[in-house]
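**Student:** Show me how the following folds:
(5 chains, ligands or ions: 4)
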Amino acid sequence: MKISKLKNLWHLPLLLAILVQFWPLVFMISTSFKDMNQIFQASLNPLPLPPTLVNYETVLNNFPFFTFLNNTLFIAIFITVIKLVTSVLAAFAFVYYDFKYKEVIFNSMLLTFFIPFTVLIMPNYLLMSKLGLLNTPWGVILPQLVDGMGIFLMRQTMRGIPKALLEAAVLENASPLQVLYKVILPLIRPSATAISIFFFIDAWNEYFWPLLVLQDKGMYTLPLALQMFISAEGGSEWGIAMAVAMLTCLPPLILYFVSQRFILNTFMQSGVKG
Amino acid sequence: MHKSNWQAWLFLLPATLLFLIFFYRPLIENLYLSFFQWNMISPTMKFVGITNYHSIFVSAELLKIFFNTIFLVFILLILNFVLPYIYSYILGHLITKMQSFYRSALFLPSTISLAVASIIFLWFYNPIAGPLSIILNSIGLESPRWFKEDGLVIIAIATIIAWKSFGYNLIVMLAAMVAVPKELIEAAKLENASNWIIFKRIILPMTSPTALYVFTITVVFGLQYMLVPVNMITQGGPNQGSSNLVYIVYQYAFVFFQTGKSAAFAVLTMIFYVVILVAKYKFIDKKVHYEN
Amino acid sequence: MNNIKLTNICKAYGETVVVNNLNLEVKQGERLILLGPSGCGKTTTLRMIAGLESITSGELEISGKLFNTIPPGERNIAMVFQSYALFPHLTVWENIIFGLKIQKLPSEEIKKRAAKALEILNLTGYESYRPKELSGGQKQRVALCRALVKQSPYFLLDEPLSNLDAQLRQQARTELVKIHEIYKPTMIYVTHDQVEAMTVAHKIAILNKGTLQQIGTPKEIYNNPANTFVAGFIGTPPMNLCKAHLLYDKIFIGNECLVLPEKYREVVKERSTVVVGIRPERCTLEKSPMVEAKTVFVEDLGNQRITRLQLKTGEEIYVSTVDHKYSFALAQGFSFEWENVCFFDVGSGKNLIS
Amino acid sequence: MNNIKLTNICKAYGETVVVNNLNLEVKQGERLILLGPSGCGKTTTLRMIAGLESITSGELEISGKLFNTIPPGERNIAMVFQSYALFPHLTVWENIIFGLKIQKLPSEEIKKRAAKALEILNLTGYESYRPKELSGGQKQRVALCRALVKQSPYFLLDEPLSNLDAQLRQQARTELVKIHEIYKPTMIYVTHDQVEAMTVAHKIAILNKGTLQQIGTPKEIYNNPANTFVAGFIGTPPMNLCKAHLLYDKIFIGNECLVLPEKYREVVKERSTVVVGIRPERCTLEKSPMVEAKTVFVEDLGNQRITRLQLKTGEEIYVSTVDHKYSFALAQGFSFEWENVCFFDVGSGKNLIS
Amino acid sequence: AQKQVKSTGGKVQIQYWHVAAESFGGATVKELVADFNKSHPNIEVVAKYNPDMYKGLTQNLQAAIAAGKSPDVVQMGWSYLNYAADNFKYTDIASVIAKEEPKDKDFFTKNFLPNVLALAQTDNGKQIGVPYSISVPVLFINPELFAKAGLDPQKPPKTWQEVAAAAKQIKEKTGDVGFFMQEYADNWAQQAIIESNGGTMLKKVDGKVKAGFDTPEAAAAYQLLADMVENGSGLHATNEEGFQAFLSGKVGMVCTTIGKRANFEKSAKFPVMVARFPVFQGKPLKVPAGGNFLMMFSKDAAKQKAAWEFIKYLESPEAMSKWSTGTGYLPPIKNIETRSTVFKELVKNNKNVQVALSSMPSLVKWASFPGTNGLQAEQLLIDARDIILSGKDSAANVLKQTADKVNSLL
Ligand SMILES: Nc1ncnc2c1ncn2[C@@H]1O[C@H](COP(=O)(O)OP(=O)(O)OP(=O)(O)O)[C@@H](O)[C@H]1O
Ligand SMILES: Nc1ncnc2c1ncn2[C@@H]1O[C@H](COP(=O)(O)OP(=O)(O)OP(=O)(O)O)[C@@H](O)[C@H]1O
Ligand SMILES: [Mg+2]
Ligand SMILES: [Mg+2]
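**Tutor:** Ligands and ions are numbered 1, 2, ... in the order given. Here you go, the predicted model:
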């Protein structure tokens, strides 16, 4: 094919999109290295001159940053692990067994993915309150332990395994758990990893539900800690807020950078259809 | 494949339980609560019949909120459905270099917390001191009050959501784009078809199932994501200008402490969704080309 | 007595019957080949025997015991899948001992068996390779290996060679027969490749649309097809089938009046029409032929020429000749010998001789 | 003069050269078949001609004009893809008229052409079907139809029959030739099926690893392969190739001392070793053979028997016989006629005669 | 952790809920609690921060009470006074004093001005808590922008007419915005301007509370703000945006709580000045008290006593000075300048605090909307503010309509 110069014009909209998508990140990074004065003087200038670590120092010295970090980690990891387990088990049932109303049950699970979370918050909040789980990590964790999308993605991944492999294992007298353990899990590991990372990032970033459930600062997750610095009665501390934002975004970003190929491929291959 | 029902159920048990408790039970409870007047603390709940629904339907609020919802959905569809569609075509079929770079880079914001995004955009849209206003000023325009004008506020909120979910939608669309067999496009090229014709006559129909999926998640995720920026930036203002069917549920429950009306709104919202889903199956699915 | 016996086996998916009243017996040490067009139910039959598919009705007996409801893992059947079904995350060695480990055999025994099988199949040295590092032929041997180590008396193979290219295929099927001769398991082998069927089988069972058409030795099937379906299915080009009218001792093939020998008149009995079948390679092109015909088209395959002739009735006949034996350019038609002709009933398609 | 001419065409992906210095000419109305093992560059060559792949170096002339940089849409070439490349969301009719509509032909003309093509290909009545509702053979015909309606003087086909089963394939290729005879386009046809190549081609070009091995009529290629690659590639079983030592007028095949006729001594010249090639069907099994050999294995394919013989040197020879002609059980070896023997250079593999 | 009140080793443990974010008094709370715990070995106060200000705290309180785990001492926002009185089972501090510590019986009269004490009383005069933090609306000024516009920052506008004129001048001379009034999700600052023009927020008709803001005075006050926005000299934006703009030097005056003083002084690149909340020509100054008062929710006697001890400590001049320094709140107690040397110093050194203190005698109650729909009614007034400021309709019309709606809700 003739590669014309015109073809390169298509890069323009893409570069524009990159610019738009990256601006907020650049702003966040640069502001986090500016002191109060710089922030309000030159908001367009991305280069903090001179860069200062004062915001990070404040965050690390004056705030229980590591408590927030621990809380977030605990909640996100717990959710990720359990969600992975529930999704894998359910997806396995859908892939391995044939039972009555299979598709109906599957669809009713998938459907939950389409229910807006807000519609559920009040009853769930009341439940947490009845169980005495408000202001505990468990209150945050419980309603997030299962995910229609997760089951869907897992099932999709497992469907990619040739049925003959499972049958070969069955012929060798492998029990369902052995099939899951010895055949399916090793085979879907890359996708499962990607999906878990996505679970983790989602749980890590969750803002709204923890905001309702957690009241005690000692319980806070990082995204919640953020709003301590914005719209506070005493006024907003932009530099500090951006430093916290940076620290909040860093783990997901690192995870993404490390595993982006997996993640993108998993979404590309899931062959989602409505 | 294997018929042991009870075994299958054993594997399904954890997920099923959790779904029942945290997804299906609340739907029912909403219906129940919507017939009562209550403030979440008082030990007694007052049965009021359909009063809550009645007061919702007679208020002017409902219309505005409904309109806001539709408008938000409309903007989101442009930003998160049409735009990714076009971009995925460019990315999948029109350029040959740097594909994976664009892919990775454009997906990146999906990993960022919406709370962070909201704060950054709050600054971005500042009508006096924000970068956008500085740019607008420099070309002689005055920045509008993004978060204080009806309509504009919805657009501003929508851009925050778009920023977050553009990448994911793009990737999903892109997957469908590249799944269109290269040979089909080449066959069309041999017939001297232009890029536009290829897009219109081949890509569009062949990616329609995925497009429908992206369409749906744009609506669903959009209304879900909206909660964070609205709560952090506008609290539904100005004058309910950024409120919508989903936010109002939260507002009545946790700002006004009127569980009955909140629940009633939740029920209405679910009905709205069901209508959309049914409409999707009835009208849109017919026009979609499904491979299987 | 490690035989496999199917009695009136049926399989239906909802309304559609996929295997219909199948009766089949495979004796100990025998190689039975299931042959048939795509979708005829070969795989389904195999999977029912393996227990991977439930049996709708009928009885499956293995070694004289009713096996209908025994779970697949307990049937002690070794199966080689069309796609080999090697576990891609395991090495050759791990693949081979997968089942033995689940059976919890002593590790000494496992090692012994696996080493032996690897040696027989010439795979020693490949133990730590992963399937994707192997060629098609090697993969196929690993799959065989995994079946071998089970030392199961029953071997089921579902188109084990279909993924190989022509050259490898020939090698592999020779190997397969060799291995069978060593272990002598009772073997059922599915294919839709005729050459494979003809060369490997002790007995061939031909299926069509879920119904058994014929079961017999390759020779029987080739020379004496039970009906027109089998006749048209076996051989490339397949047996020529054309309608012939009968009048007293005369038979009209392509409007040509021939005398039907006494012997065959008993076969066709009172019929006024019959379908005659002659294999293309049993026809000869002649200058003064028994049946006159026009040469329409000649395909030269190098080692063999296919001549398409058109009879006066418009019917077409293929004649296959080895080119350096005949001068076909002058041919005015074809001849044959009566003993090479099959007679089929027009309605049912049944072979009237067998 | 609708010919296609490739001069020194090369195609490289980065460092790897996929097509190497290819020279090829297809005359108007000719059917050229590109044959070669998988990955040899057949598809790439075709795609360069269609303009779907850029040409690294060399010249592509179509009708005498340099076509290297003309965009594919303007070349007016019809192409049938291996996978058919039917638009799944369009009906048969819409698929066929897709290109015509883009060309903005008057709708009368479109209708006329499409109806004609549908009729020729026996697809009338299927206009409103979608590709997924068609069988493999029908799909293939729709793809052909789409190419036909263009009434383009150039036809490129990339393994158009590879997805069909044996029976259909035979039908389809006859049809294809028939259609070609009607329209007489200049045609390049890619396949790796030999039977197809032998029966369809006016000329065959054999590629290996991007390099042209031989170009000639099917007969030339079969009887006189240019080198050992072609010899081993064409024919099932392929030509027997074995090393022979020469001493004065003697030639040693399988340790058997034979007298090489004068005529061939000139061919082999001063060489002390040579590779001799004999087609399996040109060998005969004899009780008192020219070359003694042990029968290792006999495969009965019904219409033909393949006998594997082992020479004293350990080399193996296949002999293909039509079963009712020879009694092979008593065979002590095989004979052949010198005129059927090819001689190849040991180093380069070149045929010494041609 | 939600350790409920447990008596460990004879210690009474009580919970103190506050809204002091880390950047706004959080450290002071810590210091005060530590200090108290040290000096009261038999009591242990556990402090708990509640995000999202008083709304957040009220939400949490709802939940805690519903779960039967109410805290002991709570910072309650002034505007939540009626809601708290109606919906929460609080502990009557006066009766605790009478029962447990009779010696403190004149605590209230001794420490507070009557107008300040009244802030924590319901409409029928019931004292439901103790005033703790007071903030007043003031005018923050950017003197550099003033100078640039040819205005004298030393003579800040005293009346709203002057504010409007100054804003206009700033806009015309510098192109920057002249004025911004805070737009929190409450009507606090707006109440100040309405009432300073002689309007009211709520009125009582036949013992029932009705909207009182549909008067010409209220409309005029609001219209003045709307006109500023209309002609470009005033800014209508979210709070955060307004403050960002001010700190970036792009707004001349910001009307907001004195509580922002410390943050503004630290963040702005110019010397922030504070002026008193302006008045309308010839009308008295009325500023609603922002901040909070302390309420008690202890149930058993021991904890009630401990809670009272703690409240007394928080209201002591020393603690009060620390609190005021740490937050910028004004102390509600009488004569603090003379009772605490720390505070004396603070006032002497910071003119801005002085200015704020001078409006203390003009304190009035922050209007609080009663009833189950009270919060929703207040939201209506917030919505009205948006409509008026965006210039969609005249203030008079909007206030009238809103009053009708509010009346139907109340
Ligand atoms: N799960 C199923 N539900 C319904 N029909 C099925 C199912 N599985 C197979 N069939 C049908 O049963 C018939 C027989 O299938 P089977 O796989 O046994 O064919 P086969 O002889 O192995 O064909 P091939 O040579 O193509 O492998 C086919 O027509 C197929 O469509
Ligand atoms: N885009 C590409 N980049 C690098 N190598 C390529 C590319 N496309 C094809 N090749 C290589 O070029 C060689 C020739 O490919 P081509 O598709 O022409 O083979 P072919 O002869 O058509 O084979 P087959 O019979 O399998 O279709 C192959 O080795 C292939 O791996
Ligand atoms: Mg099969
Ligand atoms: Mg190819």
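**Student:** Now do the helices for the stretch 151-274 of chain A: every range, in order, please.
**Tutor:** Here the stretch 151-274 of chain A has its helices, by DSSP state H, counting those that start in this stretch, at A:163-171, A:176-178, A:185-205, A:208-213, A:222-226, A:238-269.
**Student:** who wins for proximity to residue A:114 among those helices?
**Tutor:** Evaluated with C-beta to C-beta, the helices of the stretch 151-274 of chain A place helix A:185-205 nearest to residue A:114, the distance being 16.1 Å. The C-beta positions use only the backbone N, C-alpha and C, and glycine is treated the same way.
**Student:** packing partners for that closest one?
**Tutor:** Under the contact definition 3 or more C-beta pairs under 8 Å, 6 or more residues apart in numbering or on different chains; DSSP states H and E, helix A:185-205 sits against helix A:65-96, helix A:148-159, helix A:222-226, helix A:238-269.
**Student:** swap the cut-off to 10 Å and go again
**Tutor:** Here helix A:185-205 touches helix A:65-96, helix A:148-159, helix A:222-226, helix A:238-269, helix B:114-124, going by 3 or more C-beta pairs under 10 Å, 6 or more residues apart in numbering or on different chains; DSSP states H and E.
**Student:** Now mean neighbour count too, for the ones you listed, in a markdown table please.
**Tutor:** What follows is the helices and strands packed on helix A:185-205, written out as a markdown table (neighbours: other C-beta atoms under 10 Å in any protein chain shown):
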| stretch | mean neighbour count |
| --- | --- |
| helix A:65-96 | 20 |
| helix A:148-159 | 22 |
| helix A:222-226 | 26 |
| helix A:238-269 | 20 |
| helix B:114-124 | 25 |
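**Student:** To chain E, which of those lies closest?
**Tutor:** Proximity to chain E (C-beta to the nearest C-beta) singles out helix B:114-124 among the helices and strands packed on helix A:185-205, at 5.6 Å.
**Student:** list the buried ones in whichever helix or strand comes after that closest one?
**Tutor:** Under the assignment DSSP states H and E, the closest C-terminal helix or strand after helix B:114-124 is helix B:131-138. Across helix B:131-138, burial judged by 16 or more other C-beta atoms under 10 Å in any protein chain shown covers B:131-134.
**Student:** Of those, which is the nearest to residue C:127?
**Tutor:** residue B:131 (63.3 Å).
**Student:** any idea how far that closest one is from residue E:248?
**Tutor:** Distance from residue B:131 to residue E:248, counting by C-beta to C-beta, to the nearest Å: 11 Å.
**Student:** cool, residue C:63 as well?
**Tutor:** Taking C-beta to C-beta, one finds residue C:63 at 90 Å from residue E:248.
**Student:** out of those two, which sits in the busier spot?
**Tutor:** Using other C-beta atoms under 10 Å in any protein chain shown as the criterion, residue C:63 and residue E:248 rank with residue E:248 on top: 23 against 15.
**Student:** Please name the residues that touch the more buried one.
**Tutor:** Listed by C-beta atoms under 10 Å, 6 or more residues apart in numbering or on different chains, the contact partners of residue E:248 are A:39-43, B:126, B:128-130, B:134, E:142, E:176, E:267-269.
**Student:** go with 7 Å
**Tutor:** Each residue near residue E:248 by C-beta atoms under 7 Å, 6 or more residues apart in numbering or on different chains is listed here: A:40, B:129.
**Student:** State the pLDDT value of it.
**Tutor:** pLDDT for residue E:248: 85.
**Student:** Need phi/psi at it.
**Tutor:** phi -80, psi 0 (degrees, to the nearest 10).
**Student:** Could you measure from it over to residue D:183?
**Tutor:** 77 Å.
**Student:** Strands along chain E, start to end?
**Tutor:** Assigned by DSSP state E, chain E shows strands spanning E:12-18, E:43-49, E:73-77, E:130-135, E:137-141, E:177-181, E:202-205, E:208-211, E:234-235, E:251-257, E:273-275, E:287-288, E:290-296, E:363-364.
**Student:** need those strands in JSON lines with mean pLDDT and mean neighbour count, can you?
**Tutor:** Formatted as JSON lines, the strands of chain E follow (pLDDT from 0 to 100; neighbours: other C-beta atoms under 10 Å in any protein chain shown):
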{"stretch": "strand E:12-18", "mean pLDDT": "92", "mean neighbour count": "23"}
{"stretch": "strand E:43-49", "mean pLDDT": "89", "mean neighbour count": "21"}
{"stretch": "strand E:73-77", "mean pLDDT": "92", "mean neighbour count": "26"}
{"stretch": "strand E:130-135", "mean pLDDT": "91", "mean neighbour count": "26"}
{"stretch": "strand E:137-141", "mean pLDDT": "93", "mean neighbour count": "25"}
{"stretch": "strand E:177-181", "mean pLDDT": "93", "mean neighbour count": "28"}
{"stretch": "strand E:202-205", "mean pLDDT": "84", "mean neighbour count": "13"}
{"stretch": "strand E:208-211", "mean pLDDT": "85", "mean neighbour count": "18"}
{"stretch": "strand E:234-235", "mean pLDDT": "91", "mean neighbour count": "26"}
{"stretch": "strand E:251-257", "mean pLDDT": "92", "mean neighbour count": "26"}
{"stretch": "strand E:273-275", "mean pLDDT": "91", "mean neighbour count": "20"}
{"stretch": "strand E:287-288", "mean pLDDT": "90", "mean neighbour count": "27"}
{"stretch": "strand E:290-296", "mean pLDDT": "91", "mean neighbour count": "26"}
{"stretch": "strand E:363-364", "mean pLDDT": "87", "mean neighbour count": "21"}
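**Student:** For the residue positioned nearest the centre of chain B, which three-state class applies?
**Tutor:** Centrality entry for chain B: nearest residue to the mean C-alpha point is residue B:222, 1.9 Å, by C-alpha atoms, centre = their mean. The three-state label given to residue B:222 by DSSP: H, G, I helix; E, B strand; the rest coil is helix.
**Student:** Now distance to chain A too, for the strands of chain E, in CSV please.
**Tutor:** Listed next are the strands of chain E as CSV, based on distance: least, C-beta to the nearest C-beta, whole Å:
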stretch, distance to chain A
strand E:12-18, 9
strand E:43-49, 4
strand E:73-77, 10
strand E:130-135, 9
strand E:137-141, 11
strand E:177-181, 14
strand E:202-205, 25
strand E:208-211, 27
strand E:234-235, 16
strand E:251-257, 8
strand E:273-275, 14
strand E:287-288, 16
strand E:290-296, 9
strand E:363-364, 19
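**Student:** Switch the ones you listed over to JSON lines, and while doing so, append distance to residue C:201 to every line.
**Tutor:** Listed next are the strands of chain E as JSON lines, based on distance: least, C-beta to C-beta, whole Å:
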{"stretch": "strand E:12-18", "distance to residue C:201": "87"}
{"stretch": "strand E:43-49", "distance to residue C:201": "83"}
{"stretch": "strand E:73-77", "distance to residue C:201": "90"}
{"stretch": "strand E:130-135", "distance to residue C:201": "97"}
{"stretch": "strand E:137-141", "distance to residue C:201": "98"}
{"stretch": "strand E:177-181", "distance to residue C:201": "94"}
{"stretch": "strand E:202-205", "distance to residue C:201": "100"}
{"stretch": "strand E:208-211", "distance to residue C:201": "98"}
{"stretch": "strand E:234-235", "distance to residue C:201": "92"}
{"stretch": "strand E:251-257", "distance to residue C:201": "94"}
{"stretch": "strand E:273-275", "distance to residue C:201": "103"}
{"stretch": "strand E:287-288", "distance to residue C:201": "100"}
{"stretch": "strand E:290-296", "distance to residue C:201": "94"}
{"stretch": "strand E:363-364", "distance to residue C:201": "105"}
